[in-house]
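A.B. asks: Next input, structure requested:
(chains A, B and C)
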Amino acid sequence: MPFSRFSFPRRLIVASLLLLLLIGSMFAAPLLTSADPVQIAVSKRLAGPSWAHPFGQDEFGRDRLARVLYGGQVSLTVAFLASFIAMAIGTFIGLMGAYFRGLFEFIAMRVSDVVLFFPPILLALLVVTIFGPGVSTMVAVLALLYFPSFSRIAYSETLRVSALDFVEAARALGTKPRRIVVSTVLPNILGAISVQFSLTAAAAITVESGLSFLGLGVVPPAPSWGQMIRGARGFMEQDPLGIFVPCAALCVTIYAINLFCDRLRDVLDPKGMEDGKDSVSPAGRQTAAPAKLDTDSAAELRGLTLSLNRGKREAPAELVRDITLKLRRNQCTALVGESGSGKSLTSLALMGLLPSSIRPSAGHIAIERKSGAAVDLVSLAAKEAEKVRGDDIAMIFQEPMTSLNPVLRVGVQMVEALQAHRKVTPEEARNRCVAALDRVGIPEAEQRFDSYPHELSGGMRQRVMIAMALLCEPKLLIADEPTTALDVTIQAEIIDLLRDLRANQDSGLSMLFISHNLGIVADIADRVVVMYSGEIVEEGPAGDILSDPHHPYTRALLESMPSLHEEMHSSRGDRLGAIGGTPPLPQARPSGCAFRDRCPDAKDACAATHPGLYPSQDALRAVRCIFAPEASSFLKEACDEPCVA
Amino acid sequence: MIRFALNKGLAALLMLWIVGTIVFAVLFVVPGDPAELLLTSDGAVASQESVESLRRQMGLDKPLITQYLDFLAGAARFDFGQSLIDHVPVGKTIALRLPRTIELILAGLFLGLITGIPAGTWAGLRPGRSFDRVVSAANAVLISVPGFVTGTLFIYLFAQVLRWLPAGGYVSFASDPLLHLKLLTLPAITVGLHLFSIIFRMTRASVLEMRTHDWVRTAVAKGLRRKLVVRRHVVRNALGPIVTVVGLQMGILLGSTVLIEFIYNWPGLSGYLVTAVQQRDYPSVRAVILVVSALFILINFMVEMLYSVLDPRIRL
Amino acid sequence: MSRALLEVTGLTKSYPGSGRGIFRKSRVPVLRGIDLCIAPGEVLGLVGESGSGKSTLGKTVLKLIDADKGTVRFDGRDLAGLSKEELRTARKDMQIIFQDPYASLDPRKPIRAVLSEALDTHNLHTGERREARLKELMDMVGLSPEFLGRLPHEFSGGQRQRVGIARAIAVEPRFIVADEAVSALDVSIQAQVLNLLADLRAKTGISLLFISHDLSVVRFISDRVMVLYLGRVMEIGPADDVHFKPAHPYTAALVSAEPGLKPKPGRVRLTGEIPSPANPPSGCVFRTRCPYAMDACAAEVPKLRRLGKTRFSACIRDDIPTGAQ
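C.D. replies: Predicted coordinates for the structure are as follows:
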């Protein structure tokens, strides 16, 4: 959080120093030069640089250094004073308008609208016409020009902050409105206001110098940069320095303010800095050694480790550790875990859609293509990967509201998916897409084909996503929490649909279903894989795992679900079997077993060894716990003497 | 869609009326006699006679409501009365000069768009790579240079030192097409450069944001070719915000063009306006401002229409 | 029956429609004549899907949102009749816990300031007793008192939710609205917070309006459950009864749609979409998706019919094969 620890943000240092240096030198003008900025010496007009006049003398023989410095004082004072007045008035109106509505809201919105519809310099000229030029007119004009942008920003920021629950909480507490505004709302909008302040200061200097340049701003003999440029313009062929000096001063000052503003914005809103999730430019690398698959696998992960690059200073964090997983052909494998368990990353790795900051640091991925060949989408060259995605393997996502492009018709988005892999005429493509929409239970598919996504409900959009994913009859479908964002009744319909589609696709459909909800998993999965803190902790047939979990984490998850304990009720003194604590961060996992500090059954031995994923004797299930039944038989076989106490 | 256009059209007309009213009212809101105010400058006091004559000339002796209705009726007919200085009808001068201003803006806009959008897209798709670093850094400098500074330096460099192009002036296209274009080049580049810096910045930010959206991931997961993903799911979506920003920038641009026209002696509205302001020729000033504001309102109306075509959600 | 702590009658609320501009000024009804009461120490669960109006109801009951029509009586006093100052004082007795653990705490305020502000507002535990009270509050929600100086971003989602609960109970309210208070949490953390709420309720005898879309969670924590659909009450009754023997077809559909490990006696399949709240069906709002709808359902809005001592359902049919018969 910015400013949370009262340390000065490092990104701001250079910009602040530059700005301070500029302002400081202008206001220290009497110390830097003894020359008088308005002292005319006609005999020395346009004289070049000398010791007494380092920047030369202007068309009236006045000292240019002094004029630049004193002119800067005038320009900066006008700009900052005007920005400050605009900020004070605008912020007050915007804040009041958003929080108390009424007249203030009217001023904040409508009056600002009107002012914003005058081109700024023209509005300034209008006022100058009436009042005549001069410093005070300038300040008034600039304040008038810029207060609307402050009231706009204060208004919208206040609305945004007021909608946050903590402001509602303050109201619910009965805190006085004045105190809410001052101590809760204002501090949270100051960031945006200060960014606007520096933007305004830069713009104000530009307008001020522009008007002075036209001779309508600061009135001579008071020096100003715009005026100096105006004066030197007529002589610039003989004396280019006269143009360069004020131009440089003006531009460097604006640059310094802009730089400060940019850095301030970065500090206040750091998310723009990072290269977030970027699916457009996945780094295609050289093809790795072709992977081999077991005969009954649709896809396999072997020892996959995914690391987050955390910059030069820190070691990469292993978000997913040593995952070995086999997706059996024509089965539905469910990957279950809480947030941060690495389940979604694992599925993105299969699809080759990892964010660019996350890279596989060990292990192999292999997906079976329709041709029978095996590929790894993470290491495959981009062009090759495009052929696999959507054709051999498809994916549906959690948020149906944002997973479709809002500005394109549903039909366009479906047709492009089909045409990426099949040569079809537009007419045929349309027919096939409408048929696909029909198959996923969308009524009036013909009309829906021409709808925009926002005209469909969440459930319908998820159906469109499913229809689109299955257009090319992929062999493997990855469903990443496809029902989490939907209402319960709609969720049940989508689960039914996925089950039916899987049963009815003649070419066979394997599925990887990612979920945090063991109940949904029970409804759809053949096999269940439970993940915790980046590792698989238990896997096996769905029925076995859910009815007889062997890992303490799986057990605890099931214990904590109210839907599985219908005999319990809080009023009868029953309490759910909650797991204490929170999952560890990937860079701070405990030694040995990652779950041990939350595990009700943990013993000393759990800290000593990092448990392996011990398979059962029939190899149908596996558990990562040294006290599980699988472990004891496995460890006995592996060692001659007992390894674990 | 028609209802949306009608709504927005009415709103634009309403805004136009408000702007007109304000331009009319400004003179009367100020304390003191308007005619006296206009004749007072630098502490000099105007004679009673000249105040009286100005009052008659501007119709200030009529009742306020009559003046207001006359003004509105006149504005609707593009009749803004006569200039106080040379007594030429203001509407006629504007009709002569406005097309030149529009030509300059369109030329600059064209240059800004054809350079800004591709460069911004390229930089936004590869943030942190060398192209992005170089252009973004250069752009940070560029955005800090006011248009009149660019113009002045251009004249020094291209007209005076290198002597490639004329320093300024104007001939009509009909009389000498080649010279017309030569004279247009520097002012148009100056306007275009200013626009480039804004369009580049906005396009880059917009592309940078758009490519993180879920639908882009969906498009990649469908196996679309990269070019298609970028064109249809990134740039296409980024156009809406870009159009809006360009529209809003037009207001600032209409203002800064005043300076650029002034520097290059481009006889658009600016020279007229600057002289009018200096001579406090109020009827001319308010007419120019009204016309330019109307232009700005019209541009914004068109932007809103364009946006609703680019993003169907707006039409709700 | 003892006097109700909270008594709501005929509560109606609508929002301005999305159609802006000169031509259209529609209003979207969100709550359409809600009656409910909560006894001292009782937990009333409120279930519904998106668009049912459950969150709006929670905030209207606290008068954080003004109702269009209807009355809210708290402890016998009509909240609409209170002056601003009286309402501020009355807020000491009614608090709220929010869904989003990230938005519900001011990122700039350490926990000590969050809790102190609550106490300051009603001049509670001032002076030397303040520190002891803060520690006690942290203790009650299962957080170490050492955390008092920390900022919200240093906490996990579950811990933030505990801070939110501490803020709500700091002023010793008699009634709390828990608005999807556990919905954003992972299942293991969700159980911790549910247990915490159950303990608090057992210890302090506080009343809760517990809002959630998750029927199982609501059943576990509530004494009575109210089912909301498009701004109307479908069914209300004792938690176990509503869950195991639903009387209304909508409740039956909700229960059977719950994903679960246990075999269900048969799914009640719904057809179609949830209608837009801006344009709700005539008569029974559920009829467009109801497998048992008849012509009569469109004719008039069904009244809540008494089925038991505290059991009501808003369905005109008696012959529906749901769990109740």
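A.B. asks: can you map out the helices along chain C?
C.D. replies: For chain C, the helices defined by DSSP state H occupy C:54-61, C:84-90, C:111-121, C:129-140, C:157-170, C:187-204, C:215-221, C:239-244, C:249-257, C:296-299.
A.B. asks: Nearest approach to A:Thr184 belongs to which of these?
C.D. replies: Among the helices of chain C, the nearest to A:Thr184 by Cβ to Cβ is helix C:111-121 (8.5 Å). The C-beta positions use only the backbone N, C-alpha and C, and glycine is treated the same way.
A.B. asks: If I follow the layout properly, B:Pro283 ends up in contact with B:Met58?
C.D. replies: Yes - with contact defined as Cβ atoms under 8 Å, B:Pro283 counts as touching B:Met58 (6.7 Å).
A.B. asks: shared neighbours of these two, anything?
C.D. replies: Here B:Pro283 and B:Met58 share the contacting residues B:81, B:84, scored by Cβ atoms under 8 Å, 6 or more residues apart in numbering or on different chains.
A.B. asks: can you count the residues close to the nearest residue to A:Leu293 once chain neighbours are set aside?
C.D. replies: Spatially, and ignoring its direct neighbours in sequence, A:Leu293 is nearest to A:Ala374 (4.8 Å; Cβ to Cβ, 6 or more residues apart in numbering or on different chains). A count of nearby residues for A:Ala374, using other Cβ atoms under 10 Å in any protein chain shown, gives 18.
A.B. asks: Tell me the secondary structure of A:Ala479, please.
C.D. replies: Secondary structure assignment for A:Ala479 (DSSP: H, G, I helix; E, B strand; the rest coil): strand.
A.B. asks: Okay, it and A:Leu327: tell me how far apart.
C.D. replies: To A:Leu327, A:Ala479 is 12 Å away according to Cβ to Cβ, to the nearest Å.
A.B. asks: Overlap in contacts, these two.
C.D. replies: Shared contacts of A:Ala479 and A:Leu327 (Cβ under 8 Å, 6+ apart): A:Leu512.
A.B. asks: The helices of chain C: which one's closest to A:Ser616?
C.D. replies: In terms of Cβ to Cβ, the element of the helices of chain C nearest to A:Ser616 is helix C:187-204, at 25.2 Å.
A.B. asks: burial measure for B:Ser284, as a count.
C.D. replies: B:Ser284, neighbours per other Cβ under 10 Å, totals 27.
A.B. asks: part of a helix, is it?
C.D. replies: Yes - according to three-state DSSP, B:Ser284 belongs to a helix.
A.B. asks: and the residue nearest to it when sequence neighbours are not counted, what element?
C.D. replies: Leaving out its chain neighbours, the residue that sits closest to B:Ser284 by Cβ to Cβ, 6+ apart is B:Ala276, at 3.9 Å. Take DSSP states H and E as the rule and B:Ala276 turns out to sit in helix B:269-278.
A.B. asks: Quick one: list the elements packing against that helix.
C.D. replies: Helices and strands touching helix B:269-278, by 3 or more Cβ pairs under 8 Å, 6 or more residues apart in numbering or on different chains; DSSP states H and E, are helix A:120-131, helix B:90-125, helix B:236-263, helix B:282-310.
A.B. asks: neighbouring contacts of that helix?
C.D. replies: A:122, A:125, A:128-129, A:214-216, B:83, B:85, B:93-94, B:97-98, B:101, B:257-262, B:265, B:281, B:284-285, B:288, B:291-292.
A.B. asks: 6 Å - rerun?
C.D. replies: Taking contacts as Cβ atoms under 6 Å, 6 or more residues apart in numbering or on different chains, the residues outside helix B:269-278 that touch it are A:125, A:128-129, A:214, A:216, B:97, B:101, B:258, B:261-262, B:284-285, B:288.
A.B. asks: isn't C:His243 right up against C:Val218?
C.D. replies: No - contact criterion Cβ atoms under 6 Å: C:His243 and C:Val218 do not qualify, at 8.3 Å.
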